[in-house]
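Chemist: okay, sequence plus prediction incoming.
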Amino acid sequence: MKEYTKMNVPQLCAELEEQKKIYNSYKALSLSLDMSRGKPDTNQLNLTEDMLGILKSSEQCVLSSGLDCRNYGLLDGIEGAKQLFADILEVPKENVIVGGNSSLNIMYDTVVRCMLYGSAPEYEPWVRQGKIKFLCPAPGYDRHFGICASLGIEMITIPMTETGPDMELVEKYAASDPMIKGIWCVPKYSNPMGITYSDDTVKRLAYLKCAAPDFRIFWDNAYAVHDIYENESDKLLNIFTLAKEAGNPDIVYIFTSTSKISFPGSGISAVAASTRNINYIKSIMTYQTIGCDKLNMLRHILYFKNADGVRAHMKKHAALLRPKFDMVLNIFDKSLSDLGIAKWTKPKGGYFISFDITCGSAKRVYDLCAQCGVTLTKVGDTFPYGLDPNDSNLRIAPSYPPIEELEVAANVLCCCVKIAALEKLIG
């Protein structure tokens, strides 16, 4: 089909009428399809079903050190769990703290610690320093922005590029304003763009010169082992090692979890940081908790055994996700690639596709989909304050719906994109 922008008005009107007929046929089906969140589907959850019964006796609960995992104690996690995350993140075991099921919880706690206590003993708590600010690459992860909003932290939008956040802006802002205290990063298969930070971007972040001596990088490596296309997987430089080489070891907190490896509601999570940061975090955690669920940590160690076991397991996840991503991307290519009205990312891993409507009608597409029974992530959620300045970005999450429903949802989305674009062009 001819590119929409090259059609005359009668042609655009005829095409709009055709797409409305298709849309109404979908609407008559009374659909209820959800592509709003990046949740594993039931088949993925079933992959780790055997973990549920892996602890069969009290003897298994006692570690070689003599610690009984059923009892109190051990603030920073059992050794096997620390080693598992250390191998995944390529950091020393001593630089890891293992927590409960949610890395989001650890990230929130880390920001709050900085607010209440400061990021190191010699620095004033952020809350006493005035109006602090964070750099927020966007489109990005809505829950990062939610943490800032809930704590009254001002957000500065940094445009995302194909190599990561716009580093010219990051360096400019960080060097010029001492009230800028942090930056959010999803460095591998970013949410929602699915891109991996380039080597140059990671190096520039590790060597970042900041006006605030207590500036921190919040490195949310949620998709560290979430490759979908095994022979085309992205590689991410090790920012922990680079920051140390830069003489900047305290600048980064690294987070990850097993939320999309084992069970999202019952996994384990971790923060990795410099020895100085880890010791400081533990000194404050002493008043917060006696320790997280050690039995769940033990289940994960007995089931996966080591990082290689995790990587082998993730191939099973990839085998379930790959057909869904392939199908959605193929539908986009066939339905929209020649029309000049949309563009989208083609990630090699992670859980999302970032979809941009070039004419700026994302809210209209969202509403049309909703009226047809297809739920998308709310427009604006991928930007600070929920405001997409160009009304263009949609986050597509192919993982959760069954593949038959996903096919229908993707076709509905394409129809809605066409209608919104045609309406805008006709004016």
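Modeler: Looks like it arrived, so ask away.
Chemist: how about the helix or strand bottoming out on mean pLDDT in the chain: buried residues?
Modeler: Least confident element among the helices and strands of the chain, by mean pLDDT, DSSP states H and E: strand 33-35 (a mean of 93). The neighbour-count check on strand 33-35 (16 or more other Cβ atoms under 10 Å) flags 33, 35 as buried. Glycine gets a C-beta too; all of them are placed from N, C-alpha and C.
Chemist: what's the following helix or strand after it?
Modeler: Counting by DSSP states H and E, the element after strand 33-35 in chain order, helix or strand, is helix 42-46.
Chemist: tell me which strands and helices that following helix is in contact with?
Modeler: Helix 42-46 sits against helix 307-336, with contacts defined as 3 or more Cβ pairs under 8 Å, 6 or more residues apart in numbering; DSSP states H and E.
Chemist: now the helix it packs on: mean pLDDT?
Modeler: The pLDDT scores in helix 307-336 average 98.
Chemist: now whichever helix or strand comes after that helix: how far from the chain's centre is it?
Modeler: Next helix or strand after helix 307-336 toward the C-terminus (DSSP H and E): strand 342-344. Its chain's C-alpha centre and that of strand 342-344 lie 20 Å apart, by Cα atoms, centre = their mean, to the nearest Å.
Chemist: okay, the helix or strand that strand 342-344 is followed by in CSV with CA atoms only?
Modeler: Per DSSP H and E, the first helix or strand lying C-terminal to strand 342-344 is strand 353-357. The C-alpha trace of strand 353-357 is given here as CSV (Å, rounded to 0.1, in the frame of the first residue of the first chain):
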residue,chain,number,x,y,z
ILE,A,353,8.7,-3.5,22.4
SER,A,354,8.8,0.3,22.2
PHE,A,355,6.3,1.5,19.6
ASP,A,356,6.3,5.1,18.4
ILE,A,357,3.4,6.7,16.4
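Chemist: which helices and strands sit right next to strand 353-357?
Modeler: helix 307-336, strand 342-344, strand 393-396, helix 403-426.
Chemist: just name the most buried of the ones you listed.
Modeler: Stretch with highest mean neighbour count among the helices and strands packed on strand 353-357: strand 393-396 (a mean of 26; mean count of other Cβ atoms under 10 Å).
Chemist: so how far is it from its chain's centroid?
Modeler: Using Cα atoms, centre = their mean, the offset of strand 393-396 from its chain centre is 13 Å.
Chemist: using PDB, write out the CA atom coordinates for that strand.
Modeler: C-alpha atoms of strand 393-396 as PDB (Å, rounded to 0.1, in the frame of the first residue of the first chain):
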ATOM      1  CA  ASN A 393       5.100   6.300  22.700                       C
ATOM      2  CA  LEU A 394       3.400   3.000  23.400                       C
ATOM      3  CA  ARG A 395       4.900   0.200  25.500                       C
ATOM      4  CA  ILE A 396       4.000  -3.200  24.000                       C
END
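Chemist: what lies in contact with that strand?
Modeler: 35, 139, 191-192, 328, 344, 352-357, 362, 365-366, 376-377, 379, 381-383, 413 (Cβ atoms under 8 Å, 6 or more residues apart in numbering).
Chemist: let's go with 6 Å and repeat that
Modeler: Strand 393-396 is contacted from outside by 35, 139, 192, 352-353, 355-356, 362, 376-377, 382, using Cβ atoms under 6 Å, 6 or more residues apart in numbering.
Chemist: ok, those vs V127, which is closest?
Modeler: Within the contacts of strand 393-396, the smallest distance to V127 is 27.5 Å, found for T382 (Cβ to Cβ).
Chemist: got a list of what that closest one touches?
Modeler: 139, 192, 393, 395.
Chemist: go with 8 Å
Modeler: T382 neighbours (Cβ under 8 Å, 6+ apart): 138-142, 192, 354, 388, 393, 395.
Chemist: hang on, it in a strand?
Modeler: No: read with DSSP: H, G, I helix; E, B strand; the rest coil, T382 is coil and lies in no strand.
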